[in-house]
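Participant: build me a model from this:
(one chain, ligands or ions: 1)
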Amino acid sequence: MSARPMNIAAAFDPERVRRDFPILDQLVNGHPLVYLDNAATTQKPECVIEAISNYYRRDNANVHRGVHTLSDRATHAFEQARQTVADFLGSPRPEQLIWTSGTTAAINLVAYSWGRSTLQPGDRVLVSWLEHHSNIVPWQLVAEATGAEVLPIPVTDSGEIDLGALDSLLDARVKMVAVNHISNALGTVNPVQEIARRAKAAGALVLVDGAQSVAHWPIDVTALGCDFFVMSAHKLFGPTGIGVLWGRASLLDAMPPFLGGGEMIERVGFPTTTYNTVPFKFEAGTPNIAGAIGMAAAIDYLATIDREAAAEHEAALLARCLDLAGEVAGLRRVGTPAHAAGIFSFLLEGTHPSDVGMLLDQQGIAVRTGHHCAQPLMDRLGIPGTVRASFSIYNTQEDVTRLFEGIRKAKSLFS
Ligand code: PLP
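Facilitator: Next up, the predicted model:
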């Protein structure tokens, strides 16, 4: 990301952004809400809530098969949403976008469809120790079924993927390298472009889990050099239950269907059935139409925000957290990656993360505690979990101040 003059960062106004998110304006346990659980899910702006509500009020119908006006409107909005997501991710064609229920479903789709049809005994899938369970377990399931192996790429004590170790694992047995763009547990920004370059030079495919990165900066899947990119709308100010798999066209064309049912067929008969073309081949059943429309509304909303300035604003929040953390005795940041985004994970000496989380909640501050669906990483770091504060475009310096007041109060109750 290019450096920008300070005055432009200063021009970003999180207070104005906050006003677009009605949920933020409330008291929780008697205190104004400080929402710092954005890595789990982001809040929704009014325009997204409206888009979903308007769809159900005016246009609701099933897509693709209907001949009536409402079905036509719903189909148009649904396919327009696919185009919006394609443009957002820099996809050459909208057909390369497959609707899924989210990141988890998208990874499972690749693991089941590509993995089961391709992997052989002795083949390898590499994932990093930093992965969310949803980028580990689907690969383990497919490995069990095919005789392939899943191996973890080591991470350093600072919580970064060890690129030297990746190089020593890369050989002709490796068929897939699947890594996240930003670690949801530590905030580490992984050099996915470089990882993709190395993996592809060794003949492997690359899947990037963009669940955490999409909300922080613009993505261009072509520039990343990956074969698959997955994301969830709910971490991008959109609704839950919708996300996408983006894939390289030649791979998607060659992959067999994952789920069978309506929509994914060309012709059903006995004894044989033929399948629809991509993306419909992978979209069996009635899709989440309102979800797709809500996701597109979230992307349209983001287009009204200076994203570079927003990213600088979030970086400034994290930088202030790190400064204040140095002033609290017994507070240890977990993971010290050189490049981190949006996440401050920590431990407070003499306390359990869930106790800290509960004490913060009593003060109206929402954070997440625990292993963050990254148990292998917690094992690697030798800890049971962390307290995680995660930031978004509507968080303010006041939120950081409140977080540290809360941490100090929690600490005083334990000492
Ligand atoms: N990958 C990462 C890095 C995540 O942070 C998450 C959710 O926290 C997921 C995958 C799973 O996303 P979802 O539950 O939306 O499928």
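
Participant: whichever residue of the stretch 301-415 of the chain sits closest to the ligand - how many residues pack around it?
Facilitator: The stretch 301-415 of the chain approaches the ligand most closely through Cys373 (6.2 Å), counting by C-beta to the nearest ligand atom. Quick note: C-beta positions are derived from backbone N, CA and C, even for glycine. By the criterion of other C-beta atoms under 10 Å, Cys373 has 17 neighbours.

Participant: Cys321 too?
Facilitator: By other C-beta under 10 Å, 21 other residues sit near Cys321.

Participant: where does the closest residue in space to it that isn't next to it in sequence land in three-state SS?
Facilitator: Distances taken as C-beta to C-beta, 6 or more residues apart in numbering place Phe344 nearest to Cys321, at 4.5 Å, with adjacent residues excluded. Taking DSSP: H, G, I helix; E, B strand; the rest coil as the rule, one finds Phe344 in the strand state.

Participant: contact partners for Phe344?
Facilitator: Phe344 makes contact with Gly187, Leu318, Cys321, Leu322, Ala325, Arg333, Arg388, Ala389, Ser390, Phe391, according to C-beta atoms under 8 Å, 6 or more residues apart in numbering.

Participant: could I get the phi/psi values of the fifth one?
Facilitator: What that stands for is Ala325. Dihedral pair for Ala325: phi -60, psi -40, per degrees, to the nearest 10.

Participant: quick check: buried residues in the lengthiest helix in the chain?
Facilitator: Counting by DSSP state H, the longest helix found in the chain is helix 69-89. Across helix 69-89, burial judged by 16 or more other C-beta atoms under 10 Å covers 71, 73-75, 77-78, 81-82, 84-86, 88-89.

Participant: who's in contact with whichever helix or strand comes after it?
Facilitator: On the C-terminal side of helix 69-89, the nearest following helix or strand under DSSP states H and E is strand 97-100. Residues from elsewhere that reach strand 97-100 (C-beta under 8 Å, 6+ apart): 82, 85-86, 89, 91, 106, 109, 230, 242-247, 252, 278-279, 282-283, 287-288, 292.

Participant: ok, Ile23 - how many residues close by?
Facilitator: 12.

Participant: surely it touches Gln43?
Facilitator: Yes. With contact defined as C-beta atoms under 8 Å, Ile23 reaches Gln43; the gap is 5.1 Å.

Participant: ok, back up a step: go through the contacts of Phe344 and say which is closest to Arg124.
Facilitator: Gly187 (27.9 Å; C-beta to C-beta).

Participant: and the gap between the residue nearest to the closest one when sequence neighbours are not counted and Asp162?
Facilitator: Counting by C-beta to C-beta, 6+ apart, Gly187 lies nearest to Ile343, which is 3.0 Å off, once chain neighbours are set aside. Computed as C-beta to C-beta, to the nearest Å, the Ile343 to Asp162 distance reads 20 Å.

Participant: do Cys321 as well
Facilitator: 26 Å.

Participant: and if you look at Gly187?
Facilitator: 18 Å.

Participant: who's more crowded, the two?
Facilitator: Gly187 (27 against 15).

Participant: who are the contact partners of that one?
Facilitator: Contacts here follow C-beta under 8 Å, 6+ apart; on that basis Gly187 touches Leu318, Gly335, Pro337, Ala340, Ala341, Gly342, Ile343, Phe344, Ser345, Ser390.

Participant: could you give the number of residues near Ser250?
Facilitator: 9.

Participant: mind pulling up the pLDDT for it?
Facilitator: Turning to Ser250, the model gives it a pLDDT of 98.

Participant: where's it, which helix or strand?
Facilitator: Following DSSP H and E, one finds Ser250 within helix 249-254.

Participant: which other residues reach that helix?
Facilitator: Helix 249-254 is contacted from outside by Pro92, Arg93, Glu95, Gln96, Ile98, Trp114, Leu205, Asp227, Phe228, Val278, Pro279, Phe282, using C-beta under 8 Å, 6+ apart.

Participant: now that helix: how far from the chain's centre is it?
Facilitator: 23 Å (C-alpha atoms, centre = their mean, to the nearest Å).

Participant: likewise stretch 396-409?
Facilitator: For stretch 396-409, the distance to the chain centre is 26 Å (C-alpha atoms, centre = their mean).

Participant: enumerate the positions of it that are buried.
Facilitator: For stretch 396-409, using 16+ other C-beta under 10 Å, the buried residues are Thr396, Asp399, Val400, Arg402, Leu403, Phe404, Gly406, Ile407.

Participant: contacts for it, please.
Facilitator: In contact with stretch 396-409 (C-beta under 8 Å, 6+ apart) are residues 14-15, 18, 34-36, 316-317, 320-321, 324, 328, 331, 348, 356, 359-360, 363-365, 367, 389, 391.

Participant: and it, average pLDDT?
Facilitator: Averaging pLDDT along stretch 396-409 gives 98.

Participant: break the protein into its domains for me.
Facilitator: Domain segmentation of the chain under automatic domain parsing yields 8-44+306-414, 49-302.

Participant: pull up the distance across the longest one, start to finish.
Facilitator: Domain 49-302 has an end-to-end distance of 14 Å (criterion: C-alpha to C-alpha, to the nearest Å).

Participant: near the ligand, anything from it?
Facilitator: Yes. On the criterion C-beta under 6 Å from any ligand atom, domain 49-302 is in touch with the ligand at Gly102, Thr103, Thr104, His132, Ser134, Asn135, Asn180, Asn184, Asp209, Ala211, Gln212, Ser232.

Participant: show the subsequent helix or strand relative to the helix holding Ser250.
Facilitator: Counting by DSSP H and E, the next helix or strand C-terminal to helix 249-254 is strand 265-268.

Participant: what is whichever helix or strand comes after that following strand packed up against?
Facilitator: For strand 265-268, the following helix or strand on the C-terminal side (DSSP H and E) is strand 273-275. Counting contacts by 3 or more C-beta pairs under 8 Å, 6 or more residues apart in numbering; DSSP states H and E, strand 273-275 packs against strand 265-268.

Participant: give me the sheet partners of the strand it packs on and which way each runs.
Facilitator: strand 273-275 (antiparallel) (DSSP bridges).

Participant: the strand it pairs with - what's its average pLDDT?
Facilitator: Strand 273-275 comes out with an average pLDDT of 97.
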